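S.K.: Build me a structure from this.
(chains A and B)
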Amino acid sequence: MGTEPRFHALLHSIEATEAGLESAGYIANRQTATAVYLAHHLRKPILVEGPAGVGKTELAKSAAAWLELPLVRMQCYEGLDESKALYEWKYGKQLLYTQILKDRLGAALGEEPGLDAALERLHGFGDLFFSERFLEPRPLLRALREPEGAVLLIDEVDKADQEFEAFLLEILADYQVSVPEIGTVRAAVPPLVVLTSNSTRDLGDALKRRCLHLHIGLPGAKLEGRILAARVPGIEAGLRRQVLRFVQELRGLDLRKLPSVSETLDWARTLVLLHARELDPELVRGTLNVLLKFEADIEAAEARLGDLLHAARREADLRPAAQ
Amino acid sequence: MNPPLLDFVRAARSAGLRASPAESIDAARAVEVVGLADRSLLRDTLSLVLAKTVDEKALLESCFDRFFSREGFAAPAPETPTRASEQPTGGDGLGEGAGGGGLAAMLRDGDRAGLAAAMEGAAAEAGLSDIAVFTQVNLFTRRILERMGLEALEREIARLGDTPAGEGLRRRREWLRGEVRSFARQNLRLFAEGEAERQRERRLAATRLSAIDRRDRERMRVLVRAMARRLAVQYGRRRWRSRRGQLDARRTIRRNMAWGGLPFLPVWKRRRVEKPRLVVLCDVSGSVAAVAEFLLLFLHSLNEALSGLRSFAFSGDVVEVSAILGRQPIERAIPEIMDLVGFGSSNYGNALAAFEQGWMPVLDRRTTVIVLGDGRGNRADPRVDVLGRIANRAKQVIWLNPEVRTLWGTGDSDMHRYAPHCRVAATCATLGQLERIVAGLLRDGGG
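M.R.: Numbering: from 1, shown residues only, chains lettered A, B, ... in the order given. This next block holds a predicted model:
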């Protein structure tokens, strides 16, 4: 790779990466920024694991927005295969064209005296129907062919079958892929690849070995506060502190599904929409289903609502002028 | 690749990380990119490249901290009261010989950085990172000291004799010896402890369950849970097995819509691999109790890979123990079960008959019955006919016997009578055997 891609200059240091992601609305901790920085400089994919809703997918989107690269997204599911991930022939178009060109073909071949000669002539047209214009590129091939590079998001790779994982290895190692009828397609600029996984199953060692492994957990109060401020700018400082403290306390309970960052953001947006100034029991009880997704969890939280609210309010009272 | 990084990868492996050579090359490349100046950045980087699970990340971080805090000479050097009068003799010492004088001078000046550097160098020469067992600590201490120039130092001390300067140097030599020894010990912890631990675990997995020491039990439980966890992750998902040769017409048409319905890609019918539904009958009489504990622990840790599990314990009579096991951790549940039925002399005939009386409707054609017992009914009627009826009603019976096969049918053992009704009758005396049997069960979905 002789020339560096256009976005190379943006990724000149880890601090720049952190600031860049922040400018795209993604508040990253140092480790996440390091991962993105290294992914570019080592040309390795990032495998992001962590609970649902901590911003795994968002990381790829924000990186694409910041670097002004197209985001190519591939959602994985059981039964995903090559023809849906890499390329497919536009069968309908091929069929249509042969029908339309039938007469012309007949005329072109009709002049030939024998069958052999006609076949020879047909060869002369080249692989007419298996050429670029009949190729339907799927996400992986699209990402490789982006001239300026791309951010390739392979979402929830743990949902795909194990065979598909093996198929990914070639692409992730060399950023190239071979299409039998056309030849090898090699990325002019290697895409920045982000794979996400919710750990519903253990990924293969071979795949993990080729990736930088980033684990994003539930954020601490400080980081979450910054995320909240960046993502829900309309929220008042007092309410924001209460929301933060309430959610942090809630995560201390023994729940089936702990509220994640995305739930915090949803809740904060809900509260802003309801023109709430501060948390009160009635309001919280009415909107708790935004934070918690299981009936049993909601019941458990409601039982402790008094304590949680008390802690949240005290937090806000203690530091009214802190920010 | 720079040697400290190589050493760190080895230490990390010893701590239980599975870092391949390819990954350590990646680590070296990554370190080239980020540099060595910022320690927390270095830790983040290594964690990104080398550790591939959350557990591994925690392991790596603690190993990293240990690795970089093992610099020696943390304890202050003993003060020499006659420091001023020492200086001229120090000059003499330096004139004597370069190597030995160097060490003596460093000791006299309390040059910790110099001493630490000399020790690191000597340790690398002596191959300290190959240390494997604790008995080698003294050996390596001596080798390192020799390479640092102990001999010249000894000569210097001998020359100074009983002067205060000689006394001070002698005290500092002892201090040096202590520091080097603790350095060697830290390296042992770093490079060898993990390997020793894994060897112990391998040995435990092959030891007879009934012969396991009380103090190893806790470790065994951890081991069993880890095994179960691994199997549960592997088999916890819904699985399909294709039956090649039987065309699935509906899905073939759907799959080939793009080709105008011409079946380019045939889709075969497939069968769902069902999660096993288990009923476990455990003999908890004295002879089998130890194995029963681990079997129950294993099965109850499997949870998500099973579609149902009911456990029964018997020695003379049968009781259902699923509730007791579900309520509390196994460590406390087992004694409670033992109080209930345990440690009597077993009577298989009675137990089977009681099970037929009380719980036969539990069985259906999807249930696998696992019986754990040595089949020694103290010469009571074995009631083989009941087992036959159980085998007919259930999908299959698997009999696990802690005794080796050659003992089956000897003395009061009725095992040879029970065996014909079982789809599998196997010896299950060690954790390794137990794992193999359960893994087989999960793979086939109970048949």
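
S.K.: and the helix ranked longest in chain B, which residues are buried?
M.R.: In chain B, taking DSSP state H as the definition, the longest helix is helix B:164-191. Buried residues in helix B:164-191, counted by 16 or more other C-beta atoms under 10 Å in any protein chain shown: B:165-169, B:172-173, B:175-176, B:179-191. To be clear about C-beta, it is placed using only N, CA and C from the backbone, and glycine gets the same treatment.

S.K.: State the phi and psi torsions of A:Val194.
M.R.: Dihedral pair for A:Val194: phi -120, psi 120, per degrees, to the nearest 10.

S.K.: who are the neighbours in contact with it?
M.R.: When contacts are counted by C-beta atoms under 8 Å, 6 or more residues apart in numbering or on different chains, A:Val194 touches A:Ala39, A:Pro45, A:Ile46, A:Val48, A:Leu59, A:Ala60, A:Ala63, A:Val151, A:Leu152, A:Leu153, A:Ile154.

S.K.: what's the closest non-adjacent residue to it?
M.R.: Nearest residue to A:Val194 in three dimensions, chain neighbours excluded: A:Ala60, at 4.0 Å (C-beta to C-beta, 6 or more residues apart in numbering or on different chains).

S.K.: Is that neighbour in contact with A:Leu153, as I believe?
M.R.: Yes: assessed by C-beta atoms under 8 Å, A:Ala60 is found in contact with A:Leu153 at 3.9 Å.

S.K.: any common contacting residues for the two?
M.R.: Counting by C-beta under 8 Å, 6+ apart, the residues touching both A:Ala60 and A:Leu153 are A:Leu71, A:Arg73, A:Val194, A:Thr196.

S.K.: Run through the strands of the stretch 151-300 of chain A in chain order.
M.R.: Assigned by DSSP state E, counting those that start in this stretch, the stretch 151-300 of chain A shows strands spanning A:151-155, A:176-179, A:183-186, A:192-197, A:212-215.

S.K.: could those go into CSV alongside mean pLDDT?
M.R.: Formatted as CSV, the strands of the stretch 151-300 of chain A follow (pLDDT from 0 to 100):
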stretch, mean pLDDT
strand A:151-155, 94
strand A:176-179, 84
strand A:183-186, 86
strand A:192-197, 94
strand A:212-215, 93
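
S.K.: and of those strands, who's closest to A:Tyr97?
M.R.: When the strands of the stretch 151-300 of chain A are ranked by proximity to A:Tyr97, the top entry is strand A:176-179, at 19.5 Å, counting by C-beta to C-beta.

S.K.: Check which residues of that closest one are buried.
M.R.: Using 16+ other C-beta under 10 Å as the burial criterion, the residues of strand A:176-179 that qualify are A:Val177.

S.K.: about what we covered before: any idea how many residues pack against the residue nearest to A:Val194?
M.R.: 27 (other C-beta atoms under 10 Å in any protein chain shown).

S.K.: Now name the helix or strand holding it.
M.R.: Secondary structure from DSSP states H and E places A:Ala60 in helix A:56-67.

S.K.: same for that helix, what does it pack against?
M.R.: Contacts defined by 3 or more C-beta pairs under 8 Å, 6 or more residues apart in numbering or on different chains; DSSP states H and E place helix A:56-67 against helix A:14-23, helix A:30-42, strand A:46-49, strand A:71-75, strand A:151-155, strand A:192-197.

S.K.: tell me the mean pLDDT over that helix?
M.R.: Helix A:56-67 carries an average pLDDT of 93.

S.K.: do stretch B:428-444 as well
M.R.: 82.

S.K.: Then stretch B:211-225?
M.R.: Here stretch B:211-225 scores 76 as its mean pLDDT.

S.K.: for it, the distance to its chain's centre please.
M.R.: Stretch B:211-225 sits 11 Å away from the centroid of its parent chain (C-alpha atoms, centre = their mean, to the nearest Å).

S.K.: Flag every buried residue along it.
M.R.: Across stretch B:211-225, burial judged by 16+ other C-beta under 10 Å covers B:Ile212, B:Asp216, B:Met220, B:Arg221, B:Leu223, B:Val224.

S.K.: The fourth one reaches B:Phe298, doesn't it?
M.R.: Put plainly, it is B:Arg221. No: the pair B:Arg221 / B:Phe298 is not scored as a contact, 10.1 Å apart, by C-beta under 8 Å.
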